[in-house]
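S.K.: Generate a structure from the sequence data that follows.
(2 chains)
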Amino acid sequence: MPMDALAPLASLSTLPRLAPLAPNESSAAAPAAGGTSGSGFGTLLNNILDGNRQANAAADAAVQDLATGEAQDLHTVSLAIAQAEVSFRLILELRNRLSDALQEVTRMQV
Amino acid sequence: METRDSRLHILQQVMDAAALRHRVIAQNVANVNTPGYRRQEVVFEAEMARALAGTGGPAAVNVKPYVVVADGPERVDGNTVDLNREMNDLNKNFLLYEAAAQIITSRVTSLKAAIAGH
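M.R.: This next block holds a predicted model:
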């Protein structure tokens, strides 16, 4: 039984080529530009930090309500506190992972 | 170095008030059969609300709870203690104390984690 010849993989030819390695000085300007622009890692961090700030403000307000007797139910207060703590834990863990990653990079053999 | 926290400061005052209220309730209950005894209670929450509204920063707030002689229906022997009411107040006060203690624990744990970094 005759076999068809294998067709060449069409998709392989359409793959884009890898970008050539950029010289080092162009990357020095990139972090400053990425930090201030509207998208990217800096914005992500800012959003998380802002979320923590809001959670902390809500927790403070809840504690004040508790102190002034305005808080009708305790679960609202403890939920606000727990939310603030969890959001802080997230930031702390992110920071630790980031510093671990940085150390990993500094140990890398070039 | 400043390690005081205004949020802990408020919670400390809440716990001070709750501890004092616990003693006052105990005294009321102990005197439930004393002729002519007037029940006492602790004033704190209203003072705290006034202090927080007056001076903007919660760090500046320093409210001391104080004991007043409360009004109430009088029995024939002149005693104004209502045991059911005291028990209700006692439970509420206990919950408040526990909640404040838990919040302080949570806050201090967070602070410790922030200092240690892990």
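S.K.: Buried by neighbour count: which residues of the helix or strand encompassing residue A:87 qualify?
M.R.: In this structure, residue A:87 is located in helix A:74-106 according to DSSP states H and E. With burial defined by 16 or more other CB atoms under 10 Å in any protein chain shown, the residues of helix A:74-106 counted as buried are A:74, A:77-78, A:80-81, A:83-85, A:87-88, A:92. Every residue, glycine included, has its C-beta placed from N, CA and C.
S.K.: swap in stretch B:36-48?
M.R.: Of the residues in stretch B:36-48, those buried by neighbour count under the rule 16+ other CB under 10 Å are B:37-45, B:47-48.
S.K.: Please apply the same query to stretch B:66-76.
M.R.: Those buried within stretch B:66-76 under the rule 16+ other CB under 10 Å are residue B:70.
S.K.: what about that stretch, start to end distance?
M.R.: Stretch B:66-76 stretches 28 Å from its first residue to its last (CA to CA, to the nearest Å).
S.K.: Give me the contacts around that stretch.
M.R.: Applying CB atoms under 8 Å, 6 or more residues apart in numbering or on different chains, the contact partners of stretch B:66-76 are B:20, B:24, B:38-43, B:80-82.
S.K.: mind listing which of the buried residues of stretch B:36-48 are in helices?
M.R.: Of the positions in the buried residues of stretch B:36-48, B:45, B:47-48 sit in helices, assigned by DSSP state H.
S.K.: Contact partners for the closest residue to chain B within chain A?
M.R.: Taking CB to the nearest CB as the measure, the point where chain A comes nearest chain B is residue A:69, at 3.3 Å. By CB under 8 Å, 6+ apart, the residues touching residue A:69 are B:45-46, B:48-49.
S.K.: ok, which residues in chain A are in contact with chain B?
M.R.: Residues of chain A that fall close to chain B, judged by CB under 8 Å from any CB of the partner chain: A:59-60, A:63-64, A:66-70, A:74, A:77-78, A:81-82, A:84-85, A:88-89, A:92, A:95-96.
S.K.: run the last query once more with 10 Å
M.R.: Taking CB under 10 Å from any CB of the partner chain as the criterion, the neighbours of chain B within chain A are A:56, A:59-60, A:62-71, A:74-75, A:77-78, A:80-82, A:84-85, A:88-89, A:91-93, A:95-96, A:99.
S.K.: quick one: the helices in chain B?
M.R.: B:6-30, B:45-54, B:83-116.
S.K.: and the second one, does that touch chain A?
M.R.: Yes: using CB under 10 Å from any CB, we find that helix B:45-54 touches chain A at B:45-53.
S.K.: State the mean pLDDT of that helix.
M.R.: Summarised as a single mean, pLDDT over helix B:45-54 is 88.
S.K.: Ok, stretch B:101-111 next?
M.R.: For stretch B:101-111, mean pLDDT is 93.
S.K.: what about it and chain A, touching?
M.R.: Yes: judged by CB under 10 Å from any CB, stretch B:101-111 comes into contact with chain A through B:102-104, B:106-107, B:109-111.
S.K.: got CSV for these, with neighbour count too?
M.R.: Putting the residues of stretch B:101-111 next to chain A into CSV (neighbours: other CB atoms under 10 Å in any protein chain shown) gives the following:
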residue, neighbour count
B:102, 15
B:103, 27
B:104, 18
B:106, 16
B:107, 19
B:109, 13
B:110, 17
B:111, 14
